[in-house]
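S.K.: Okay, sequence plus prediction incoming.
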Amino acid sequence: MIEIEYRRVADQSLRLDIHGSNPGKIKPIVFYVHGGGWCSGTRKDEQWLFDELVRSGFVIVSVSYRLAPQHRWPACLEDVSYASQWCQDHIEKYGADPSRMITMGYSAGGHLALLNMLTSPNVRFRAGIGLAAPVDKVLDILRRGGQLSESIKNLFGVDKVDAEIANHLWDISPINHLRPGHPPILMVGCTEDSSVPYIQAVHFQKRAHDIGLSCDLMSIPRAGHRITTWSDFHPSWMTELTNWIHHHAE
């Protein structure tokens, strides 16, 4: 594993880890964004996932980003965007092919990964993957009876919904940035997820299909939000994931 500082903001060093680097071979790259409700988590949280993907023939880049509430929106998205630009410009010397870069994230990281892919004007991704990703924050307000989650309160520094925050939540929702010509997307949704309801992935796929985008949905029946339990409910989900990545990285 190689650790690199990709950005420094004030006195904070922002780093990324490169797993599976082999300069003698040029492999597809999975650009990974960790979860944690935009307020917690680290780039090292899913080491078991990185190990599996490295064994499957990918270079993995896992990134850190500034966390709320110390750093409000859009700090986290700015960092993810900056890191993906760094990868496009520099990753080839570490044995990865920047033209075969697939972005992936879990939970809040899936939100950031997809939003970055759908809104970045300069970084070219081959595909995107959202693992239990919150892609419609307006829908989330509705299911909460007009109340904000603690994560969103921390992210924006607000306590209640008004017109301004409603507009912000619409704008940060990846579902509202789908456009014809975007890369293929895979949504992984769990039917018993109480943090990111499965219906978000269903709606996202429908919206994508309505405008002619390729969007697959992998459903994990009876599973909740915690990614470490998914294999208990769908033992082959990692195999299906790696096969999907291989197919879209060709």
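M.R.: Perfect, thanks for sending it. Residues are numbered from 1 along each chain as shown.
S.K.: Ala163 and Asn154, how far apart?
M.R.: Counting by CB to CB, to the nearest Å, the separation of Ala163 from Asn154 is 21 Å. C-betas here are computed from N, CA, C, even on glycine.
S.K.: what are the ranges of the helices in this structure?
M.R.: Secondary structure of the chain (DSSP state H): helices at 47-55, 75-90, 108-119, 137-143, 150-156, 163-171, 198-210, 230-233, 237-249.
S.K.: ok, and for the fourth one, which residues are buried?
M.R.: Burial within helix 137-143, assessed by neighbour count using 16 or more other CB atoms under 10 Å, is assigned to 137-141.
S.K.: Could you list every helix and strand that it packs against?
M.R.: Here helix 137-143 touches helix 163-171, helix 198-210, going by 3 or more CB pairs under 8 Å, 6 or more residues apart in numbering; DSSP states H and E.
S.K.: which other residues reach it?
M.R.: With contact meaning CB atoms under 8 Å, 6 or more residues apart in numbering, helix 137-143 is reached by 134, 147-149, 152, 161, 166, 169-170, 172-173, 197, 199-200, 203.
S.K.: how about 10 Å then?
M.R.: The contact list for helix 137-143, computed with CB atoms under 10 Å, 6 or more residues apart in numbering, reads 111, 134, 136, 147-149, 151-152, 155, 161, 165-176, 195-197, 199-200, 203.
S.K.: Ala163 and Asn154 - which one has more neighbours?
M.R.: Using other CB atoms under 10 Å as the criterion, Ala163 and Asn154 rank with Asn154 on top: 20 against 7.
S.K.: State the distance from that one to Asp45.
M.R.: 18 Å.
S.K.: Let's see the helix or strand bottoming out on mean pLDDT in the chain as CSV, backbone CA atoms only.
M.R.: None of the helices or strands of the chain scores lower by mean pLDDT, DSSP states H and E than helix 137-143, at a mean of 87. The C-alpha coordinates for helix 137-143 follow below in CSV (Å, rounded to 0.1, in the frame of the first residue of the first chain):
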residue,chain,number,x,y,z
LYS,A,137,-32.0,13.9,-0.2
VAL,A,138,-35.4,15.6,-0.8
LEU,A,139,-37.1,12.2,-0.7
ASP,A,140,-35.3,11.6,2.6
ILE,A,141,-36.8,14.7,4.1
LEU,A,142,-40.3,13.6,3.1
ARG,A,143,-39.9,10.2,4.7
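S.K.: could we number from 788 for the rest of this?
M.R.: All right, first residue 788 from here; so that's helix 924-930.
S.K.: Could you export the helices of the chain to a markdown table, including columns for distance to Phe818?
M.R.: Shown next, in a markdown table, are these (distance: least, CB to CB, whole Å):
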| stretch | distance to Phe818 |
| --- | --- |
| helix 834-842 | 11 |
| helix 862-877 | 6 |
| helix 895-906 | 7 |
| helix 924-930 | 22 |
| helix 937-943 | 22 |
| helix 950-958 | 23 |
| helix 985-997 | 20 |
| helix 1017-1020 | 21 |
| helix 1024-1036 | 11 |
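S.K.: Most tightly packed of these?
M.R.: The highest mean neighbour count among those, using mean count of other CB atoms under 10 Å, belongs to helix 895-906: a mean of 27.
S.K.: Quick one: list the elements packing against that helix.
M.R.: With contacts taken as 3 or more CB pairs under 10 Å, 6 or more residues apart in numbering; DSSP states H and E, helix 895-906 sits against strand 814-820, strand 846-850, helix 862-877, strand 883-893, strand 914-918, strand 972-977.
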